[in-house]
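K.L.:
fold the following, please.
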Amino acid sequence: MKMINASLKDLSAALAAKQVSAVELSGLFLDRIEKFNPAYNAFVTVDRAKTLAQAAEMDARRAAGETGPLLGIPLAHKDIFCTEGWLTTCGSKMLNNFVSPYDATVVTKLKQAGMVTLGKVNMDEFAMGSSNETSHYGSVKNPWDVNRVPGGSSGGSAASIAARLAPAVTGTDTGGSIRQPASLCGLTGLKPTYGVVSRYGMIAFASSLDQAGPMAKSAEDCALLLNAMAGFDERDSTSLQRDTEDYGRDLVKPLAGLRIGLPKEFFGPGMDDDVRAAVEAALDQYRKLGATTVEVSLPNSGLSVPAYYVIAPAEASSNLSRFDGVRYGHRAAEYSDLGDMYAKSRAQGFGAEVKRRILIGAYVLSHGYYDAYYLKAQKIRRLIANDFSEAFKVCDVIAGPASPSVAFKFGEKSADPVQMYLSDIYTISTNLAGLPGMSLPCGFGKDNMPVGLQLIGPWFGEAKMLGAAHQYQLATDWHTRAPEGLL
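P.N.:
Residues are numbered from 1 along each chain as shown. This next block holds a predicted model:
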């Protein structure tokens, strides 16, 4: 059972020392998926034969003399990534029989690194949700309390790590969909700078905001995964052409001299007291490790939620136009009214949340409202990015809560879209600015539910951010905790 709680570095060492084979390691996690997944609904597609065949291939590569830090290690993919020969549903009824004919670039890169696909994990439909309650395949349960949500949209990714059904997973983050579920499930999740990881083969929600990233138990694990995932891709027009870098290069760097910015807007009303206590305790630990804290201001961050929920639905309505010839977004005028558009979307099998966002997006892009809403939201987006630029003149990383509360109960916010959208209030501004951000476990709140600390770095500041997270994790053990009964 030790293997299920091991770091990727330790799993790699065990494989290299022939203490375990890739087939045996994948089999261990497949057995756990078979045993525990019915309780959590984290995986939507598993193919034991396909996984073990891939694992045998990785064992053969190692036997032929190949080495690598991820060679033979299993992982799961969020079901938003096209994966050759696997169902790729994006949590939607519309795609429930779509078997992808090709791999997303992220999937290709991790295969090249030698990782073995365990299966595809559940998610909010088309990544539109903050609780994983919108999936056509049913809600994912939080392994810390099955009566509570795991967060979204990468809820299946987060739950699979928390339940130790996989040692690593991929996720995507459009407004916090890696960091918020990482916070609610007690694991580490990283959203890279926009453009650092290719979006090719990743089914789009909001193209100017979506970003793939790794989720695992620790910052060190995420650094290893990001090294494999990152890189220029000519098939993605938003991919950035940059020199290859080692995202783990600052892991051993002491924190003395690190300046942590604390935005006053992140520490005002709206954060639950138990979350505040855990976050402040984490900041005290950082000070003990030699970091200093300084107050900064992000004066336009309060506008991030309304700006996001104009921009993201507008882009979503355009992206979803590719399915079955249904024309949304800038073609909305072709319909007699929004009710007609709603009927069209309903006929295609979209869930309620997707329909809601399609309607919002069509509205703000329609004639007479484009300037009033969409262009204004884009101007706010620039102001938010400028605020971060000013803040990083006096600090190296920014810290605060990843979520205003611990995981909430099913149904608690689903009837009130505004309350649900506010679940991402601390994460959305990072996406609007295109910055890297991550969540790492920093304690527990009420009912013994995990709390996540969010770190935000400047553009291309992943290595420094990961180093700061790793040094904190060397001094604490929150990231090693797992729900009772699973180890």
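
K.L.:
pull the distance from the helix or strand harbouring residue 384 to the chain's centre.
P.N.:
Applying DSSP states H and E as the criterion places residue 384 in helix 376-391. Counting by Cα atoms, centre = their mean, to the nearest Å, helix 376-391 is centred 22 Å from the centre of its parent chain.

K.L.:
what's the angle from the helix or strand just after that helix to helix 376-391?
P.N.:
Using DSSP H and E, the helix or strand that follows helix 376-391 towards the C-terminus is strand 397-401. Angle between the axes of strand 397-401 and helix 376-391 is 120 degrees (criterion: axes from the mean of the first three to the mean of the last three Cα atoms, to 10 degrees).

K.L.:
residues touching strand 397-401, excluding its own?
P.N.:
183, 258-263, 266-267, 271, 275-276, 279, 282-283, 286, 293, 296, 388, 391-392, 426, 451-457, 461, 464-465, 468 (Cβ atoms under 8 Å, 6 or more residues apart in numbering). Any C-beta I mention is one placed from the backbone N, CA and C, and that applies to glycine too.

K.L.:
give me the neighbour count for residue 417.
P.N.:
16 (other Cβ atoms under 10 Å).

K.L.:
next one: residue 369
P.N.:
14.

K.L.:
quick check: closest non-adjacent residue to it.
P.N.:
Distances taken as Cβ to Cβ, 6 or more residues apart in numbering put residue 363 closest to residue 369, at 6.2 Å, once the chain neighbours are dropped.

K.L.:
got the buried residues for stretch 16-35?
P.N.:
For stretch 16-35, the neighbour count (16 or more other Cβ atoms under 10 Å) marks 20-30, 32-33 as buried.

K.L.:
let me have these in CSV, extended by secondary structure and distance to residue 177.
P.N.:
Listed next are the buried residues of stretch 16-35 as CSV, based on DSSP: H, G, I helix; E, B strand; the rest coil; distance: Cβ to Cβ, whole Å:
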residue, secondary structure, distance to residue 177
20, coil, 33
21, coil, 34
22, helix, 30
23, helix, 32
24, helix, 33
25, helix, 28
26, helix, 27
27, helix, 30
28, helix, 28
29, helix, 23
30, helix, 26
32, helix, 24
33, helix, 22
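
K.L.:
biggest separation within the residues you listed, which pair?
P.N.:
21 and 33 (18.4 Å; Cβ to Cβ).

K.L.:
that older thread, compute the inter-axis angle for the strand or helix carrying the residue nearest to residue 369 and helix 376-391.
P.N.:
For residue 363, the host element (DSSP H and E) is helix 352-365. Interaxial angle, helix 352-365 versus helix 376-391 (the same axes, to 10 degrees): 100 degrees.

K.L.:
how far is helix 352-365 from where the chain is centred?
P.N.:
On Cα atoms, centre = their mean, the centre of helix 352-365 falls 23 Å from the chain's centre.

K.L.:
could you pull up the mean pLDDT of that helix?
P.N.:
Mean pLDDT, helix 352-365: 79.

K.L.:
so which elements touch it?
P.N.:
helix 304-319, helix 338-347 (3 or more Cβ pairs under 8 Å, 6 or more residues apart in numbering; DSSP states H and E).

K.L.:
mean pLDDT lowest for which of the ones you listed?
P.N.:
Across those, the lowest-scoring stretch is helix 338-347, with a mean of 46.

K.L.:
could you point out which element follows the helix or strand where residue 441 lies?
P.N.:
In the assignment (DSSP H and E), residue 441 maps to strand 437-444. Following strand 437-444 in sequence order, the next helix or strand is strand 450-456 (DSSP H and E).

K.L.:
could I get that next one in CSV with only the CA atoms?
P.N.:
Output of strand 450-456 as CSV, limited to C-alpha atoms (Å, rounded to 0.1, in the frame of the first residue of the first chain):
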residue,chain,number,x,y,z
PRO,A,450,-9.1,20.6,3.4
VAL,A,451,-8.1,24.2,2.8
GLY,A,452,-5.9,25.4,0.0
LEU,A,453,-3.4,28.2,-0.2
GLN,A,454,-3.2,29.9,-3.6
LEU,A,455,0.1,31.2,-4.9
ILE,A,456,0.2,33.4,-8.0
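
K.L.:
so what strands line up beside that strand?
P.N.:
Strand pairing for strand 450-456, determined by DSSP bridges: strand 397-401 (antiparallel), strand 437-444 (antiparallel).

K.L.:
dump the longest one to CSV, restricted to CA.
P.N.:
So the one you mean is strand 437-444. Coordinates of each C-alpha in strand 437-444 appear next as CSV, following Å, rounded to 0.1, in the frame of the first residue of the first chain:
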residue,chain,number,x,y,z
GLY,A,437,-1.3,30.1,-10.2
MET,A,438,-1.4,27.1,-8.0
SER,A,439,-3.2,25.7,-4.9
LEU,A,440,-1.5,23.6,-2.2
PRO,A,441,-2.9,22.1,1.0
CYS,A,442,-2.4,24.3,4.0
GLY,A,443,-4.6,22.8,6.7
PHE,A,444,-8.2,21.8,7.5
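
K.L.:
just for the protein, where's the confidence low?
P.N.:
1, 320-349, 367, 487 (pLDDT under 70).

K.L.:
burial measure for residue 357, as a count.
P.N.:
26.

K.L.:
against residue 280, how distant is it?
P.N.:
Here the criterion is Cβ to Cβ, to the nearest Å. By it, residue 357 lies 35 Å from residue 280.

K.L.:
packing partners of whichever strand or helix holds residue 157?
P.N.:
In this assignment (DSSP H and E), residue 157 forms part of helix 155-162. Contacts defined by 3+ Cβ pairs under 8 Å, 6+ apart place helix 155-162 against strand 43-46, strand 74-78, strand 116-121, strand 169-173, helix 179-185, strand 211-216.

K.L.:
contacts for the fourth one, please.
P.N.:
Read it as strand 169-173. So strand 169-173 is in contact with 75-78, 80-81, 106-107, 110, 121, 127, 153-154, 157-158, 160-161, 177-179, 181, 189, 191, 202, 205, 210-216, 229, 427, 431, 437, going by Cβ under 8 Å, 6+ apart.
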